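> Got a predicted structure plus its sequence, pasted below:
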Amino acid sequence: MNKPASLRAHLLANISHLKRNPDSLLIYIDAGKLSTYLQTNLNFNYQYNLQVIVTDFSEHPNAIIVPLLAWLRLNQIDLKTEDIKFEADIISNDKIDLEISFPLNECVLVSQDSEGRYSTEHLSEPVPDHNLLEPDPYKELFPVASSTSD
């Protein structure tokens, strides 16, 4: 499973509290299952619930939510927003423990070489239209032919 490590790296790089206190980020996987059709191949899909917990957090929760949503937008494009759940324990007037949970899945392609050895490849998410680069509105689509005077 690659997504939990990818998310961890993203959050550690983008949340100031976690840069200073990396041990306050806890990530757990639960309710995991495999989805596969063994009749045709060995390809499978990891499906699990990811729990992200940030302890002793003294900033606004938006400082966690925004980077999390940015990562999900690229890495779990089919996630329904109502599937993102959270709980907060108020530790003191200025600190909370925040838990956010959501389902993830990862597709794994299994192939076999001519000698019977298996290899796996984690497939990346398809790039949705909302993540494609937008064209430069000021760039010309067709170059204007230069006029030359004779």
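Yep, that arrived.
> Any chance you could list what contacts the top helix by length along the chain?
Looking across the chain with DSSP state H, the single longest helix is helix 62-75. By CB atoms under 8 Å, 6 or more residues apart in numbering, the list of residues contacting helix 62-75 from outside reads 3, 6-7, 10-11, 14-17, 52, 54, 57, 79, 84, 98, 100, 102, 125, 130-131. The C-beta positions use only the backbone N, C-alpha and C, and glycine is treated the same way.
> where do the strands sit along the chain?
Using DSSP state E, the strands of the chain run over residues 25-36, 44-57, 85-92, 95-112, 118-122.
> Just name the most buried of those strands.
Of all the strands of the chain, strand 44-57 carries the top mean neighbour count, a mean of 18, counting by mean count of other CB atoms under 10 Å.
> before we move on, the earlier item: pull out the buried residues from the longest helix of the chain.
For helix 62-75, burial by neighbour count (16 or more other CB atoms under 10 Å) applies to A63, I64, P67, L68, W71, L72, N75.
> do the same with stretch 5-14
By neighbour count with 16+ other CB under 10 Å, stretch 5-14 contains the buried residues L7, R8, H10, L11, N14.
> who's in contact with it?
Applying CB under 8 Å, 6+ apart, the contact partners of stretch 5-14 are 18-19, 22, 25, 27, 50, 52, 64, 67-68, 70-71, 75.
> same thing with stretch 109-119?
Residues beyond stretch 109-119 that count as contacts (CB under 8 Å, 6+ apart) turn out to be N41, L42, N43, F44, T120, E121, H122, L123.
> which residues does the fourth one contact?
Meaning F44. F44 is in contact with L34, S35, T36, C107, V108, V110, counting by CB under 8 Å, 6+ apart.
> what's the lowest-pLDDT member of the residues you listed?
For the contacts of F44, the least confident position by pLDDT is T36, scoring 86.
> My guess is that one contacts N43. True?
Yes: using CB atoms under 8 Å as the test, T36 is close enough to N43 to be in contact (6.6 Å).
> before we move on, the earlier item: could you export the longest helix of the chain as PDB, CA atoms only?
Extracted in PDB, the C-alpha atoms of helix 62-75 (Å, rounded to 0.1, in the frame of the first residue of the first chain):
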ATOM      1  CA  ASN A  62      -8.200  24.200   8.200                       C
ATOM      2  CA  ALA A  63      -4.400  24.000   8.300                       C
ATOM      3  CA  ILE A  64      -4.900  20.200   8.100                       C
ATOM      4  CA  ILE A  65      -8.000  20.000   6.000                       C
ATOM      5  CA  VAL A  66      -6.800  22.000   3.000                       C
ATOM      6  CA  PRO A  67      -3.600  20.000   2.400                       C
ATOM      7  CA  LEU A  68      -5.500  16.800   3.000                       C
ATOM      8  CA  LEU A  69      -8.100  17.800   0.400                       C
ATOM      9  CA  ALA A  70      -5.400  18.800  -2.100                       C
ATOM     10  CA  TRP A  71      -3.800  15.400  -1.700                       C
ATOM     11  CA  LEU A  72      -7.200  13.600  -2.100                       C
ATOM     12  CA  ARG A  73      -8.000  15.600  -5.200                       C
ATOM     13  CA  LEU A  74      -5.000  14.000  -6.900                       C
ATOM     14  CA  ASN A  75      -4.800  10.600  -5.200                       C
END
